[in-house]
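task: produce atomic coordinates for the following.
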Amino acid sequence: MASVHQRYRIIEKIDAGGMAEIYRGEAVSLEGFSRAVAIKRILPSMCSDPKFVSMFLDEARLSMQLTHGNIVQIFDLGKADDTYFVVMELIEGLNLRRLMQKSIDTGKPFPVPIACYVTMEICRGLAYAHEKDGADGKPLSIVHRDVSPPNVLLSKQGEVKITDFGLAKAASHVTGTDAGVIKGKFAYLSPEVVDGKEVDLRTDVYAVGIMLWEMLTGRKLFAGQTDLATVELVRKGNVEKPSTLRTELDEELDRTVLKALARNPKRRFQSARALEAALSAYLYKHNYRVTASDVGEWLRQLESDTKDAAPFDVLAVLRAEFEAAARSQRIDMHLGQRPLGPTDLRARGGATLPIADLLGKLQTLPLEDLPPTADSPSMVPLAERLDAPETLPEVRGLPGQGKSSRGAWIGVAVALAVVGAAVAAWQLGLIP
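Have a look, this model is predicted:
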């Protein structure tokens, strides 16, 4: 796609999803003036869905009414090549999800003042949207409903901006909300959303509280193994104090975070502005001074640390896991004729060593008991048969069992020999 409009020029694709893709572009005027912009374009395959197109247009119309320093500005809406696009402010930086991941990767947790400052900036943008009036002077009653780390952008200068009001619900919306449909990223929903109750601006406050908790602790708050499990965790709304996971945090900040995450909306901060005020008071009381420049500087430090990080050593990780498993006696270091060690990981790949599978197969082999015969009416347990030679019927003075008995014991011996040979061959790398 060389161009989506005669006034816009595409430079490169910078992101893509299942419904739309985002390009870096230029807005070119007749006088030759150009401005860097981001262009969000609906995928052609989605344009056949009138409902999605309506939602996309609703987002564009709504966002064009929002002009605030903490909200990504929408400049234009158009149609080209049988698809729709919006032209928006280009933010040179990264989103909050990537920033939190870099914090974890480098082992540098969010500084408390920066986590509070970023949260306050998000609250400022949301408060503006929540309180925005329409052209007729009536409140638009906007609720973002998808406040989450990917939708919070941070520039290299430390600016914090909210984007993607695609799920926002406003009184002036053309497209209604489907009853019983859960919208938004599951890990950042509020309990009232998963319970199917009516939502208001306090739903956005709850999502902001989740992000603050995660910035402070470096962990996911609601992370089930499946989407359904995550939704169930959100429904229960059990939240651990951040200070239990990061000892430098104090009870005052705990109270602020837990109030933002109150399961009952009535006990929550009643507005984003109220949460912003609480965090501002906390920073002032503890003499924390932080600006956008501080945020930008911290972002640059993380970028530098990430570039200088040592390459990931898979073998070292596997070796550590192997040794930890051996210390906890979850594996036998002397299975077979020679001890196992980290060199086996290099030769065969520690992630695929089927030790547990092999032991399971040994347990399922038909060696538990010998079938009873006329001379020996009761079964002889395997442990007794392998314990010592005197456990055999002949040694204990019992009469021999004839050819049938000898045949059974020969079968047992052959089976044990085959298993032993297979184990040895597998450890030597002769068989996969």
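
hang on, residue 12 in a helix?
No: using DSSP: H, G, I helix; E, B strand; the rest coil, the secondary structure at residue 12 is strand, not a helix.

list the contacts of residue 300.
residue 156 (CB atoms under 8 Å, 6 or more residues apart in numbering). For glycine as for every other residue, the C-beta is placed from the backbone atoms N, C-alpha and C.

what strand or helix carries it?
helix 292-308 (DSSP states H and E).

residue 110 now?
Counting by DSSP H and E, residue 110 is found in no helix or strand.

what's it in contact with, if anything?
Taking CB under 8 Å, 6+ apart, one finds 100, 103, 215-216, 218 in contact with residue 110.

show me those that map onto helices.
Using DSSP state H, the subset of these located in helices is 100, 103, 215-216.

tabulate those residues in a markdown table, adding columns for pLDDT and distance to residue 225.
Shown next, in a markdown table, are those (pLDDT from 0 to 100; distance: CB to CB, whole Å):
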| residue | pLDDT | distance to residue 225 |
| --- | --- | --- |
| 100 | 93 | 20 |
| 103 | 91 | 24 |
| 215 | 96 | 24 |
| 216 | 96 | 24 |
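
quick one: those as CSV, columns for neighbour count and distance to residue 187 too.
Below are those laid out as CSV (neighbours: other CB atoms under 10 Å; distance: CB to CB, whole Å):
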residue, neighbour count, distance to residue 187
100, 20, 12
103, 20, 17
215, 23, 14
216, 24, 16
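
quick one: which of those residues is nearest to residue 27?
residue 100 (31.8 Å; CB to CB).

hang on, isn't the closest one packed against residue 220?
No: counting by CB atoms under 8 Å, no contact exists between residue 100 and residue 220, whose distance comes to 9.4 Å.

what sits in contact with each of those two?
With contacts taken as CB under 8 Å, 6+ apart, residue 100 and residue 220 have residue 214 as neighbours in common.

got the contact list for the closest residue to residue 242 other than its chain neighbours?
Once flanking residues are discounted, residue 242 sits nearest to residue 216: 4.6 Å by CB to CB, 6 or more residues apart in numbering. Taking CB under 8 Å, 6+ apart, we find residue 216 in contact with 109-110, 112, 115, 242, 246, 249, 253, 257.

what do you get if the cut-off is 7 Å, keeping everything else the same?
Residue 216 sits next to 110, 112, 115, 242, 246, 249 when contact means CB atoms under 7 Å, 6 or more residues apart in numbering.

which of those count as buried?
For the contacts of residue 216, a neighbour count by 16 or more other CB atoms under 10 Å gives the buried set as 110, 112, 115, 242, 246, 249.

so where do the strands sit in the chain?
8-16, 20-28, 34-42, 74-80, 83-89, 93-95, 152-155, 160-162 (DSSP state E).

how about those strands, which one is nearest residue 232?
strand 152-155 (25.6 Å).

any idea of the mean pLDDT in the closest one?
If you average the pLDDT over strand 152-155, you get 95.

tell me what it is packed against?
strand 93-95, helix 96-106, strand 160-162 (3 or more CB pairs under 7 Å, 6 or more residues apart in numbering; DSSP states H and E).

most tightly packed of those?
Mean neighbour count (mean count of other CB atoms under 10 Å) peaks for strand 160-162 among the helices and strands packed on strand 152-155, with a mean of 23.

just send the strands of the chain back as a markdown table, with distance to residue 138 too.
Shown next, in a markdown table, are the strands of the chain (distance: least, CB to CB, whole Å):
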| stretch | distance to residue 138 |
| --- | --- |
| strand 8-16 | 34 |
| strand 20-28 | 30 |
| strand 34-42 | 28 |
| strand 74-80 | 21 |
| strand 83-89 | 25 |
| strand 93-95 | 33 |
| strand 152-155 | 28 |
| strand 160-162 | 23 |
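
residue 298 is nearest to which of those?
Closest of those to residue 298 is strand 152-155, at 9.8 Å (criterion: CB to CB).

thinking again about what came up before, so which of the contacts of residue 110 comes closest to residue 155?
residue 100 (16.4 Å).

I'd say the closest one and residue 214 touch.
Yes: at 6.4 Å, residue 100 counts as touching residue 214 under the criterion of CB atoms under 7 Å.

which pLDDT value belongs to the closest residue to residue 232 other than its chain neighbours?
Among residues not flanking residue 232 along the chain, residue 224 sits closest, at 6.6 Å (CB to CB, 6+ apart). pLDDT, residue 224: 88.

for residue 224, which residues are in contact?
So residue 224 contacts 230, 232-233 (CB under 7 Å, 6+ apart).

re the thing from before, could I get the helices and strands packed on strand 152-155 as CSV with distance to residue 46?
Formatted as CSV, these follow (distance: least, CB to CB, whole Å):
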stretch, distance to residue 46
strand 93-95, 22
helix 96-106, 23
strand 160-162, 23
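
looking at these, which is nearest to residue 186?
Of the helices and strands packed on strand 152-155, nearest to residue 186 by CB to CB is helix 96-106, at 14.3 Å.

just the C-alphas of the closest one, formatted as CSV.
What follows is helix 96-106, C-alpha atoms only, in CSV (Å, rounded to 0.1, in the frame of the first residue of the first chain):
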residue,chain,number,x,y,z
LEU,A,96,3.6,0.0,29.1
ARG,A,97,3.5,-3.8,28.6
ARG,A,98,6.9,-3.7,26.9
LEU,A,99,8.2,-1.4,29.5
MET,A,100,7.1,-3.7,32.3
GLN,A,101,8.7,-6.7,30.5
LYS,A,102,12.0,-4.8,30.1
SER,A,103,11.9,-4.0,33.8
ILE,A,104,11.6,-7.7,34.6
ASP,A,105,14.2,-8.8,32.0
THR,A,106,16.8,-6.3,33.4
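
and the contacts of it?
Under the contact criterion CB under 7 Å, 6+ apart, helix 96-106 has outside partners 109-110, 149-150, 152, 154, 211, 214-215, 218, 299, 302, 305-306, 309.

what's the PyMOL line that selects buried ones from these?
Of these, the buried ones go into a single PyMOL selection, burial set by 16+ other CB under 10 Å:
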select buried, resi 109+110+149+150+152+154+211+214+215+299+302
